[in-house]
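>>> can you look at this prediction? I've put the sequence above it.
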Amino acid sequence: MSDTLTIGVDRGYAAMKSAHFSFPTGLVEYDHEPYTQQNVLEYGGKFYVVGSGRQPLQKDKTLTEDYYLLTLAAVAKELACRKADATASVHLAAGLPLTSFGRDKKKFRAYLLRDGRPVFFRFEGSAYTVRITEVSLFPQGYAAVLTQPDLLNEPSVILADVGGWTVDLMRLDNRIPNAATCRSLELGMIRCLDESAEQVRRSLGLSMTAAQIESVLCGEASSVDDNAKQIIHREADGYARRLLSAIAESGLDARAMPAVFLGGGAALLKRRVRATEGLCRPVILDDVCLNAKGYERLVGQLTRSVSHG
């Protein structure tokens, strides 16, 4: 096998992210080869079409093989993107919410590591032999902020990682997470998308998809009914207000210190969270792959510190 590659993977309810890719967490199983090779994972004698829809809510992602299979797909995508050998040793870098970090770290590491045994699978028709030699776990969100050196000079910073199902909150004091401030709120972007779809259905009788609603919020949907657009934007404004209120109710004052918004919901908040609304300094990090990039960076820093020690 070649030299060990570090690959960061950020697994969420709605999407899997690596340093160069983001794809929905949907996974459809087939006993026989499906109609396409695109995004098809072959593992353990079964075929899986990856990226269609999203996973049912799994608060404990180690209870099924689903997120392990999605991780293999993410690793294959990264190996192909980096033009790496399909027979590879991988140092996997991943994350957990700080609220459950200590409780879930050991179990989730074992779930991904699989005793370091080689894993054989095919992705999009190509064969892979991957051995995960190490798994490093870091707090979600914190790793992403470490990629923003200007923010680290602030004495206190609020971090809001807006995912599909949850919003993970924490405060950093002098670059260190304050564990007493950590909260995980079930107020992710799915709430906004589902409520928007419901209001459009009630008012206009239209059944819109989550993809359509997301494109409207990003200003990309030209063919969507104008009345539907108005409803979607109204609901998104209401969601942003509820989110800011929930942050304040958690004891974090975004009027007093910078607030960093990241995760899959950050891009949809970009037009709705502004300093003119009384916030001290809202910072929108809308690169959905930032956590995964941060995990890889942290592994690199740890490796260098050990080698220099």
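Arrived safely, thanks for sending.
>>> what's the neighbour count on the residue lying closest to Leu172 once chain neighbours are set aside?
Closest residue to Leu172 apart from its sequence neighbours, by Cβ to Cβ, 6 or more residues apart in numbering: Val157 at 4.7 Å. Where you see a C-beta, it was placed from the backbone N, CA and C, and this is true even at glycine. Using other Cβ atoms under 10 Å, Val157 has 23 neighbouring residues.
>>> quick one: distance of the longest strand seen in the chain to the chain centre.
Determined from DSSP state E, the single longest strand within the chain is strand 126-139. Relative to the mean C-alpha coordinate of its chain, strand 126-139 is positioned 18 Å out (Cα atoms, centre = their mean, to the nearest Å).
>>> for the helix or strand that that strand is followed by, packing partners?
Going down the chain from strand 126-139, the next helix or strand is helix 142-145, by DSSP states H and E. With contacts taken as 3 or more Cβ pairs under 8 Å, 6 or more residues apart in numbering; DSSP states H and E, helix 142-145 sits against strand 156-162, strand 167-173, strand 259-262, helix 290-308.
>>> what's the mean pLDDT across helix 142-145?
For helix 142-145, the mean pLDDT works out to 82.
>>> which residues does Asp3 contact?
With contacts defined as Cβ atoms under 8 Å, 6 or more residues apart in numbering, the neighbours of Asp3 are Ser89.
>>> wait, is it part of a strand?
No - with DSSP: H, G, I helix; E, B strand; the rest coil as the criterion, Asp3 is coil rather than part of a strand.
>>> go ahead and confirm Ser184 touches Met170.
No - judged on Cβ atoms under 8 Å, Ser184 makes no contact with Met170 at a distance of 9.7 Å.
>>> pull the contacting residues for Phe23.
Counting by Cβ under 8 Å, 6+ apart, Phe23 makes contact with Ala15, Met16, Asn39, Val50, Gly51, Ala73, Ala74, Lys77.
>>> repeat for Ala94
Gly8, Val9, Asp10, Arg11, Thr71, Phe108, Leu112, Val135, Ser136, Leu137, Phe138, Tyr295.
>>> switch the cut-off to 6 Å
Val9, Leu137 (Cβ atoms under 6 Å, 6 or more residues apart in numbering).
>>> with Val224 instead?
Applying Cβ under 6 Å, 6+ apart, the residues near Val224 are Val216.
>>> can you list the helices and strands packed on helix 142-145 in TSV and add distance to Gly278 and mean pLDDT?
Shown next, in TSV, are the helices and strands packed on helix 142-145 (distance: least, Cβ to Cβ, whole Å; pLDDT from 0 to 100):
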stretch	distance to Gly278	mean pLDDT
strand 156-162	14	93
strand 167-173	18	92
strand 259-262	11	91
helix 290-308	26	82
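>>> just to revisit the earlier point, right, and the residue nearest to Leu172 touches Asp173 too?
No - between Val157 and Asp173 there is no contact under Cβ atoms under 6 Å: 8.4 Å.
>>> my read is Leu92 is in a strand, agree?
Yes - judged by three-state DSSP, Leu92 forms part of a strand.
>>> gap between it and Ser136?
Remark: distance between Leu92 and Ser136 (Cβ to Cβ, to the nearest Å) = 7 Å.
>>> show me which of those two is the more surrounded one.
Leu92 (24 against 18).
>>> per-residue confidence for that one?
Leu92 carries a pLDDT value of 97.
>>> and it, what are its bridge partners?
Here Leu92 shows beta-bridge partners Ile7, Val135, assigned using DSSP bridges.
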